[in-house]
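Q: no sequence for this one, just the structure:
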């Protein structure tokens, strides 16, 4: 029941949305790795709200303060802890919610689990805000990986009924950078405009909309991971489902394999510059839980933001009777585009953990 | 890199396909639970090959031998170990494969990882045969859960382009039993006939076909699991991706959430007989990583069997040159229907682990 | 390689001695537990330096700042993080040490492990100062336990060649409190005076001296823990060896069992007020790794402070030649008396973890 | 609560004393390591009973049967499982014991923990017999280590009031072999004769006697392990306390540090053949939880065998009234000498785990 994951690299997230601070601990980081704080801040800013018209207008300054683990900006082998101090919140907005659990939020399940003792102001420990500390750890992991020629990129694959193409067969770091630099991280800006229109329409009706993120990790050597329960897919999936609102994860061709024949889906082995590669990558770079040297690719499905302005049916916990709920305040009509760097962060952390486990660093 | 999973209930699978025996260890089982060996054997038989025209004709007698953990047929608190002895294999069939990795199998990645030392005869530790010991543990878990009114059922949701309806809103144990009793476990036999036709067609061409399994766990109390990385979805996904050939896992509406509006997807809370339930179950019984008391539902995508009779392109590892490969022997043209009890087994193990963790047994 | 321990209750310590802050994360705390901050501060003060003539005169204000996990002073189910901000340090004192590893310190082993990248100013992550955050977690655990009638106490059993009696058969909470209230926590003040004299003598010569702490946990129910590798002794020992300077741990009669006959050492079972107890407690409350309901007792051996003022022989890492080292600054001539609350903290954390695991709270 | 330990190398022990088989699973073994089965059997025989006059006359043939993990006698990367089949037992001997818990055994605590459901015939999962599978894993670990110049040896340091010298400063593999070849593994046979006399005397009175084992691991590189809770001492201690009857563990000077001054106890760093070593080894090869390249040394205290022939006081569980107990059958009057290879086994497993973690193999 802990908010931790990882084998050699152990990530722990702490904090409540309206508490004093949120943060992350990272045990097992290699020593001697410089952390580029400006680069990290740019990465953090990619998930920050208020970045474009598709996001909530709330202001949050997500500046990490490093309590430990760095000396002169370089990792020193001891556990890293970084926090983001919360600004003051008007928790009064959430008073009504304590009695009326919001549909599709964790209010009800947290109330059952902790017998009414959970601090659920602003979503508490379940808030999407907790992905900010995750991005601190992930941003650092990305820097460490990039130095070894391992790159992590992601884009919005779909919003509602509008989707774009998947990453090309072997995406280049430049592509990752180009997408990351966009306010709305898509490969194809035309598709992106359609997606924005869908989000705007949902917002205008007080509604929200789901979406899908694709992520790729390139440059990983073959041989990472293992069979059965501690392989690459197991670990990535376990970590990715830790991002709030994720309801589905697949790898390579993923759910498309259901409709495929083996003769289509099997990736032939071929030689390229004396190396064994596959001619296609339906496996998403993973065979038997072990990397095969091809890009590791995954898709992550995000549900529509549970917080909508439309009236919803719920129950009063104190009176155990039906109740109507109207959630006030501004909320993201879609979390998918802000989730893009979060998916990258999680993928980078797991990739670094896999490498550290094999001491391939 | 271990073939283990679970928190309080620790499952470890061992064995190679052509080794002396395959088996499972289970640490953390509660004491005093009778194991109905006949019921367990019936469950094991559901995944056995040769059960119908859709499976391989190979004969394997999967009779578990209990080495420890039971006394007079009742769990005694100490670790359980059960094995299935392998009959003699003609490993000569696999001699060619040692040099020519089969596409979409783990031959190549295992060769890289263990530097040519892996015992890959018959697929080695990566073989689908390793799901038999998983079913021993899962079958026992199912019995323990059933005594508490917690039931686990699954069915073939799709084969190739043919799919059937999902489970009804709140599936009854009788439905689970009725499906489990079928040679081809579907809800709708008409759809099942279409699926069988697709499998037969693939087989006739020396090809294979993918599929999807849906699973539901009913009767779980609200409050199991937790936020972020150790919740119900994280743990189920991590375990389900341990089943060979799984490439995607989702929960509740799963990947369908991508196209949904919040107003559609949010499950309203309502009162039913004085209990708080949800009017729909797009969340698949999980909010914030914690059970909400509704059925926990998931889908699992299985890729087409990598072993096909058609000629395939690969590489000779010894000569590092292109090679053509024809896999001989009989192989399942589809693993999905045999995977149905395996998915149930994994879901049952995770459900029991969640309950034990909360001492809700 | 992480600085974490615990099963259900997960404790992680972070920080370097001269970094921005040191602190602790606690995952798995039960919700609804009030934390008495004044009581906690009094507990923290017991390990603070400068408390008596036997300690260093350095001033450190160990005031925990809670970043998460509490709401209105009550645990809320989400991970707790608390930090202690470090005041500015003259790290220049430690410049010489970077090249000349101090005997019996971790300077050399950290240099090897992290290839010269460790932040070892003030001892870095190996500093005894890191026991302060451990006391935050332990102090909270003690409060939670005390509410259930479970009490943890410790005393100085020996300093150098002077030792006092062990705890009585079944120590009362009042005795624990009385010892804890002393500047120099012994049962017998006369023995304590002898111990102080030994410390004073060592200090006067620029030397240091070892010692031993005895700890007892009373009120634990029978049935906690388990056989073999995850039992009460395994977990207490693994955690206690995490305290810097500990070189030995034993339980009950401990190393004295070497000289005992079975007829002396076996604790007879007897009835007392209808309960099964033992007439003696050489087992230290643990049989087969499981509590038997008697006080859990342990001894912990602390080596003499490695930092002494006397000249010592070492090696210059940069020149790979013999070097003499004189450690400047004030240092505790003995850590044992300050370690008393730290041992209590660790014992309390493990005891709470064992209880949570069995949901006996 | 599982009977497992290890980080990268995961050891799990299963079996009840009178069950069908006892055994061990080993996840994480490196591939490509030949296992010399004759050498392994010789190692196993060192703990077997009936080897000399000091042991019980019971006959047990401890022949490991390998179910998985080996191919042609070489480790193949997949989990290893080995079992030892139990011969038929007259469990009737233990009928009375089910109602009258034996003092200093786990009968009572197991009865509480598993509510009377434990299979305690012959000691069940708590039996010393469970150290046989531990020796399978440890014997394999020893062979893997020896190939890298890492050697593990142990001897009887004390029986009752008779003790011998500790290992020399840097024990040679030849010394380990010479001791291991003895029926009664001591350095000094004269001291050994005294020890045997003490055991004989205890046996003649129907009593038993405690003892102490010293173990050393030579050849480990500096830099293994880590600070605080996952270091070398933590892991060795956690594992060693898993051996039945162990009540104390210390490292290097261990409990002797209590009486030492820093100037005596600190090990000076010196140069030897261009390498940094220490002039003494009071640290037992471990500083700050990390190996320093010197021999890792430890002492393990074993309590006198709880099974004695003398009448003992206990309680009838069914009638909850005082009862007298006389344990029939033949029992070791001392377990210490048979425990010598078991301590080696555990130390070897932990050492191999530490090396694998650092990929220093």
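A: Received it, and whenever you're ready, just let me know what you need. Values in this document were obtained by computation on a predicted structure and should not be read as measured data. Numbering: from 1, shown residues only, chains lettered A, B, ... in the order given.

Q: what about the closest residue in space to residue A:167 that isn't next to it in sequence, distance to chain C?
A: Nearest residue to residue A:167, sequence neighbours excluded (C-beta to C-beta, 6 or more residues apart in numbering or on different chains): residue A:216, at 5.0 Å. Placement of C-beta: from N, CA and C, glycine included. Per C-beta to the nearest C-beta, to the nearest Å, residue A:216 is found 29 Å from chain C.

Q: Residue A:216 and residue A:299 touch, don't they?
A: No. In terms of C-beta atoms under 8 Å, residue A:216 does not count as a neighbour of residue A:299; the distance is 10.3 Å.

Q: Burial check on the residue of the stretch 101-250 of chain A found nearest chain D, number of neighbours?
A: Nearest to chain D, among the residues of the stretch 101-250 of chain A, is residue A:227, at 7.3 Å (C-beta to the nearest C-beta). Residue A:227 has 29 neighbours, counted by other C-beta atoms under 10 Å in any protein chain shown.

Q: My guess is it contacts residue B:4. True?
A: No. At 11.2 Å, residue A:227 does not count as touching residue B:4 under the criterion of C-beta under 8 Å.

Q: Now list whatever residues contact both of the two.
A: Shared contacts of residue A:227 and residue B:4, defined by C-beta atoms under 8 Å, 6 or more residues apart in numbering or on different chains, are absent.

Q: shouldn't residue A:141 be in contact with residue A:346?
A: No. Between residue A:141 and residue A:346 there is no contact under C-beta under 8 Å: 9.4 Å.

Q: Look at the two and report which has more neighbours.
A: Between residue A:141 and residue A:346, counting by other C-beta under 10 Å, residue A:346 is the more crowded of the two (33 against 28).

Q: ok, the more buried one - contacts?
A: Counted by C-beta under 8 Å, 6+ apart, residue A:346 has contacts A:134, A:138, A:236, A:239, A:240, A:242, A:243.

Q: Which residue comes closest to the residue of the stretch 251-361 of chain A found nearest chain B once chain neighbours are left out?
A: Across the stretch 251-361 of chain A, no residue is closer to chain B than residue A:288, which sits at 2.5 Å (C-beta to the nearest C-beta). Nearest residue to residue A:288 in three dimensions, chain neighbours excluded: residue B:106, at 2.5 Å (C-beta to C-beta, 6+ apart).

Q: give the contact list for the one you found.
A: A:227, A:287, A:288, A:289, A:290, B:120, B:123, B:124, B:126.

Q: In JSON lines: the residues you listed, plus pLDDT.
A: What follows is the contacts of residue B:106, written out as JSON lines (pLDDT from 0 to 100):
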{"residue": "A:227", "pLDDT": "95"}
{"residue": "A:287", "pLDDT": "98"}
{"residue": "A:288", "pLDDT": "98"}
{"residue": "A:289", "pLDDT": "98"}
{"residue": "A:290", "pLDDT": "98"}
{"residue": "B:120", "pLDDT": "90"}
{"residue": "B:123", "pLDDT": "90"}
{"residue": "B:124", "pLDDT": "93"}
{"residue": "B:126", "pLDDT": "94"}
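
Q: Among those residues, which one has the most neighbours?
A: The residue in those with the most neighbours, by other C-beta under 10 Å, is residue B:120 (32 neighbours).

Q: what residue ranges in the stretch 151-300 of chain A score low on pLDDT?
A: Of all residues in the stretch 151-300 of chain A, none has pLDDT under 70.

Q: Regarding the closest residue to chain D within the stretch 51-200 of chain A, what is its secondary structure?
A: Residue nearest to chain D within the stretch 51-200 of chain A (C-beta to the nearest C-beta): residue A:78, separated by 7.3 Å. Classification of residue A:78 by DSSP: H, G, I helix; E, B strand; the rest coil places it in coil.

Q: and it, how far is that from residue D:288?
A: 11 Å (C-beta to C-beta, to the nearest Å).

Q: Give me the common contacts of these two.
A: Taking C-beta under 8 Å, 6+ apart as the criterion, residue A:78 and residue D:288 both touch residue D:227.

Q: returning to what we had before: confirm the residue nearest to residue A:167 sits in a helix?
A: No. Counting by three-state DSSP, residue A:216 is located in no helix; its state is strand.
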